[in-house]
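>>> Model the structure of this input:
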Amino acid sequence: MRASLVNMLTAPVSPLAPLVSAVDCQWSVSLAKLVNFLTAHNTGTGGQADVSVTQDWDLPQLMVGANGLLPNHRAHQFKVIGMYEFSKEYRLAGTLIAASGRPKNCTSYYPTADAGLYNGAYYYYCGIAGSGTAPGSNGYIPPSPDYRPSPRGSQGSTPWTFTLNLSFAYTPNWANNNLTVQADVLNVLNRQVAGQIYPRYAASRTEADQRFGQELSYSTPRTMRLTVRYDF
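A predicted model of the protein is given here:
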């Protein structure tokens, strides 16, 4: 399910005015059990890079707690767009984009070590599951005190992202304004925040995974681009 509310405000300008601006505000909710045929939050962390190896359709236990905020959910997004034309030859443009973070997950082993279950931290539980056998049985190890259900997207979110992009274009009169030389600077402030967090709490039924909570990816750093275009 996806719900969104978009509001667009554009500055009223005359055909000769040099300034054009717009503000876009969006609120959205992305809820489901699955994004698609892949487990998106596990891609690049040991699984689900291909439809042929996905696990989600194999066991009903994998669906327990799977309904929740999807990995691409961003509750709030704001975009400010502006362009100022100094003359027919020179113009400056920019965008400022602010977006709330993506949801974080905590996955672990299933509470019981039933025959046929995948032996991995693929289930929507958080903490150390213990042996998963009956209390009092040989080799029984109880779960950790903090072991609990952990529905999809219930572990907070990654930080907000703020991205400023600037562009300067030169369209010379001597080329009949058919030539455009443009320089773009993306992520001018070079803000780099975590976009994905390692979600697996446990390395085994009785041991924690030291990688849990580590950053897996960051926003793209500052990038510069030069473009030359000729229209004819």
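>>> Excluding chain neighbours, give the residue nearest to A99 in space.
Closest residue to A99 apart from its sequence neighbours, by Cβ to Cβ, 6 or more residues apart in numbering: Q77 at 4.6 Å. All C-beta atoms are positioned from the backbone trio N, CA, C, and that covers glycine.
>>> Quick one: name whatever helix or strand follows the helix or strand where the one you found lies.
Here Q77 sits within strand 76-85, counting by DSSP states H and E. Following strand 76-85 in sequence order, the next helix or strand is strand 90-99 (DSSP H and E).
>>> Confirm W174 sits in a helix?
Yes. Applying DSSP: H, G, I helix; E, B strand; the rest coil, one finds W174 inside a helix.
>>> Low-confidence stretches in this protein?
1-17, 31-57 (pLDDT under 70).
>>> run the last query once more with 50
Residues of the chain that meet the criterion pLDDT under 50 lie in 1-16, 43-47.
>>> And the helix or strand hosting V23, how far out from the chain middle?
Assigned by DSSP H and E, V23 falls within strand 19-32. Counting by Cα atoms, centre = their mean, to the nearest Å, strand 19-32 is centred 16 Å from the centre of its parent chain.
>>> Okay, now the sheet partners of it, with direction.
The strands beside strand 19-32 in its sheet (DSSP bridges) come out as strand 2-10 (antiparallel), strand 68-69 (antiparallel), strand 76-85 (antiparallel).
>>> isn't L92 right next to Y170, touching?
No. L92 lies out of contact with Y170 (Cβ atoms under 8 Å); the separation is 10.5 Å.
>>> what sits opposite V181 in the beta ladder?
Beta-bridge partners, per DSSP bridges, of V181: Y170, V228.
>>> show me where the chain has strands.
Assigned by DSSP state E, the strands in the chain fall at 2-10, 19-32, 68-69, 76-85, 90-99, 125-126, 148-149, 161-170, 179-186, 194-197, 215-218, 223-230.
>>> residues in contact with the fifth one?
In this case it means strand 90-99. Residues from elsewhere that reach strand 90-99, judged by Cβ atoms under 8 Å, 6 or more residues apart in numbering: 74, 76-86, 160-171.
>>> what do you get if the cut-off is 7 Å, keeping everything else the same?
74, 77-85, 160-170 (Cβ atoms under 7 Å, 6 or more residues apart in numbering).
>>> just the buried members of these?
74, 77, 79-81, 83, 85, 161, 163-165, 167, 169 (16 or more other Cβ atoms under 10 Å).
>>> closest to A121 among the residues you listed?
A121 has its nearest neighbour among the buried ones among the contacts of strand 90-99 in R74, at 25.6 Å by Cβ to Cβ.
>>> pretty sure the closest one is touching S157, no?
No. The criterion here is Cβ atoms under 7 Å, and R74 misses it with S157 at 8.7 Å.
>>> most packed of the strands of the chain?
Neighbour counts (mean count of other Cβ atoms under 10 Å) averaged over each of these peak at strand 125-126, with a mean of 24.
>>> what are the pairing partners of that one, and which direction each?
Next to strand 125-126 in the sheet, as set by DSSP bridges, lie strand 148-149 (antiparallel).
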